[in-house]
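Enquirer: curious how this folds, go ahead:
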Amino acid sequence: MLALALLVTFGTLLQAPHLAFALVAIVARFASLVAFAVACQRRFLVAGEPVDVLTALTWRRRHWTYLLAMLLIVAVTIGSLAAALSLTNAATGEIVGLPAAAIGLGLIVAALYASSRLASMLPAAAIEAPAEVSISWMRTEGNGWRLVLINILAALPPTLANAFVAILTERVVATYALQTSATAIFLGALAGIALSFAGLALSSLALAAAYRALVAARG
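Expert: Residues are numbered from 1 along each chain as shown. Take a look at the predicted model:
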């Protein structure tokens, strides 16, 4: 999986002039991330799940279900954030007033809460269990804020690590004048990819653990 992402990123670094190649690269990397997340959650939730690369990369119906669930969660989040921005920012980019800002902040919190409760659709899709919105909402009843906290805590370490690597890379490149060094660019991309997959693994496993606890609690 990491090798595939490296290949895709290397192609992007070459800055190929063809839009079709860039589009294929983006789709391939996104597909690899989905397959990796599904594999992580199945490994945690399904006893005896194979761990070989071919099995993980083979696209099945569960991957499409997982993808659709993820796109729904992203749509809810982006829609709420867009509404929040439209309420809090005027055309000049200035705050239009405290009430609007408060409503915008409320929409951001609501987006985080809703996406956290809907996120249980993802491990359900990974193991080919029912992954409907209504089921996910009922399953997470009374645990919404716990799931928000889990999502934040799972995202915090990779986010901080990514920021640290980005700052360190920028300083090293500036100090040693490596702006045009293909090796430096590649190593920086390698570190970014490794951290992105590590972060995805952490968040996927945290979500799978939460899903298992919710299912057990519901009997």
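Enquirer: what's the burial count for Ile150?
Expert: Per other C-beta atoms under 10 Å, the neighbour tally for Ile150 reads 19. Glycine gets a C-beta too; all of them are placed from N, C-alpha and C.
Enquirer: hang on, it packs against Ala210?
Expert: Yes. Between Ile150 and Ala210 there is a contact at 5.5 Å, judged by C-beta atoms under 8 Å.
Enquirer: report pLDDT for Val38.
Expert: At Val38, the pLDDT value in this model is 92.
Enquirer: kindly report the same for Leu71.
Expert: 89.
Enquirer: can you confirm it is in a helix?
Expert: Yes. Leu71 sits within a helix when classified using DSSP: H, G, I helix; E, B strand; the rest coil.
Enquirer: helices of the chain, start to end?
Expert: Under the criterion DSSP state H, the chain contains helices at 2-13, 19-45, 53-57, 61-88, 98-118, 121-126, 133-139, 144-175, 182-218.
Enquirer: do you know the pLDDT at Glu141?
Expert: For Glu141, the pLDDT comes out at 91.
Enquirer: any idea how far it lies from Ile152?
Expert: 20 Å (C-beta to C-beta, to the nearest Å).
Enquirer: over to Ala47?
Expert: Taken as C-beta to C-beta, the span from Ala47 to Ile152 is 30 Å.
Enquirer: isn't Gly188 up against Ile167?
Expert: No. With contact defined as C-beta under 8 Å, Gly188 does not reach Ile167; the gap is 11.5 Å.
Enquirer: for the chain, which spans come out with low pLDDT?
Expert: Scanning the chain for pLDDT under 70 picks out 1-22, 25, 87-101, 173, 176-182, 184-185, 219.
Enquirer: go again with 50.
Expert: Applying pLDDT under 50 to the chain picks out residues 1-16, 90-95.
Enquirer: residue contacts, the residue sitting nearest the centre point of the chain?
Expert: By C-alpha atoms, centre = their mean, the chain has its centre lying nearest to Leu200, at 6.4 Å. Neighbouring residues of Leu200 by C-beta atoms under 8 Å, 6 or more residues apart in numbering: 33, 36-37, 40.
Enquirer: top of the residues you listed by number of neighbours, please.
Expert: Neighbour tally across these (other C-beta under 10 Å): the maximum, 24 neighbours, falls on Ala37.
Enquirer: from Ile127, how far out is the nearest residue to Ala126 once chain neighbours are set aside?
Expert: The shortest distance from Ala126 to any non-neighbouring residue, by C-beta to C-beta, 6 or more residues apart in numbering, is to Gln41 (4.1 Å). To Ile127, Gln41 is 7 Å away according to C-beta to C-beta.
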